[in-house]
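> just to be clear, the model below is a prediction. Sequence and coordinates:
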Amino acid sequence: MTLIDLSHDIFDGLVTYKGLPAPIICDYWSREASAEFYDNGDSFQIGKIEMVANTGTYLDCPFHRFADGHDLAELPLENCADLEGIVIRAPYEKVGAAVDIALFEGKNLKNKAVLVHTGWSKHWNTEGYFEAGHPYLTVAAAEYLKQSGVCLVGIDSHNIDDTRHKSRPVHTILLRENILIVEHLTNLAALPDEGFYFSAVPPKFKGVGTFPVRAMARL
């Protein structure tokens, strides 16, 4: 068995999405402060993290978009763990920003985690990552994925929607059908097109629709 990490590192000051605050990561209880409470030179660190849920590589569930959608605590594990996966190759240099329906047609997508590999993750943690020309799914592609009965859709880009506009139709189409979304993936070039299992499991938070995940593939 081989496990391939598909997540970005989260660190103090990381900007995942412009306009949202970066995480603050520090000691709540440092090793130095804890040492006086233990014998034999023992010490412990307890970290403190302050961040918005949309940080790093994260999963969106229906509550992110819909007030009556299920939240992370209600997310069935079978919807986000050990899913049969397929990679759709949509290199930005050849396809452009709009990832359209033609790339998905004719493929067996039912009940699969569909991961869209655009190569955009190479711009991660740079100004170029946030450019309006980032890859995104078209409405037609989202509708096709819905009709194909996919379980989850991931992308290695800034947003699965076109952020030049104020609407988010791809989020709306997929999350309304309980199709999960994972954004800001990386390392998809390391995966075969098929023959792997994908996992992106968030903590069980009530009243939260998005949270960072350690996305991975099992070969």
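Sure thing, it's come through. The model shown is predicted, which means the values in this text are computed figures rather than measured ones. Residues are numbered from 1 along each chain as shown.

> what's next to the longest helix seen in the chain, contact-wise?
Secondary structure of the chain read by DSSP state H shows that its longest helix is helix 139-148. The contact list for helix 139-148, computed with C-beta atoms under 8 Å, 6 or more residues apart in numbering, reads 99-101, 103-105, 109-110, 114, 137, 153, 169-170, 173-174, 177, 179. Where you see a C-beta, it was placed from the backbone N, CA and C, and this is true even at glycine.

> now, of those residues, which are buried?
99-100, 103-104, 109, 114, 137, 153, 170, 173-174, 179 (16 or more other C-beta atoms under 10 Å).

> kindly reformat the residues you listed as CSV containing pLDDT.
Below are the buried ones among the contacts of helix 139-148 laid out as CSV (pLDDT from 0 to 100):
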residue, pLDDT
99, 98
100, 98
103, 98
104, 98
109, 98
114, 99
137, 98
153, 99
170, 98
173, 98
174, 98
179, 98
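
> which of these lies closest to residue 213?
Using C-beta to C-beta, residue 153 comes nearest to residue 213 of these, at 14.0 Å.

> next one: that closest one from residue 174, what distance?
Using C-beta to C-beta, to the nearest Å, residue 153 is found at 6 Å from residue 174.

> what do you get for residue 214?
22 Å.

> just to revisit the earlier point, following element in sequence after the longest helix of the chain, please.
Next along the chain after helix 139-148, taking DSSP states H and E as the criterion, comes strand 152-155.

> put the alpha carbons of that next one into PDB.
Extracted as PDB, the C-alpha positions of strand 152-155 are listed here (Å, rounded to 0.1, in the frame of the first residue of the first chain):
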ATOM      1  CA  LEU A 152     -17.100  14.200  -4.400                       C
ATOM      2  CA  VAL A 153     -15.300  16.600  -6.700                       C
ATOM      3  CA  GLY A 154     -11.900  18.000  -5.900                       C
ATOM      4  CA  ILE A 155      -9.700  20.600  -7.700                       C
END
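
> buried ones in that strand?
Quick answer for strand 152-155 (16+ other C-beta under 10 Å): 152-155.

> quick one, helices of this protein?
Taking DSSP H, the helices of the chain run over residues 31-34, 92-95, 139-148, 169-176.

> buried set for the longest one?
By neighbour count, and taking 16+ other C-beta under 10 Å as the criterion, the buried residues in helix 139-148 are 139, 141-146, 148.
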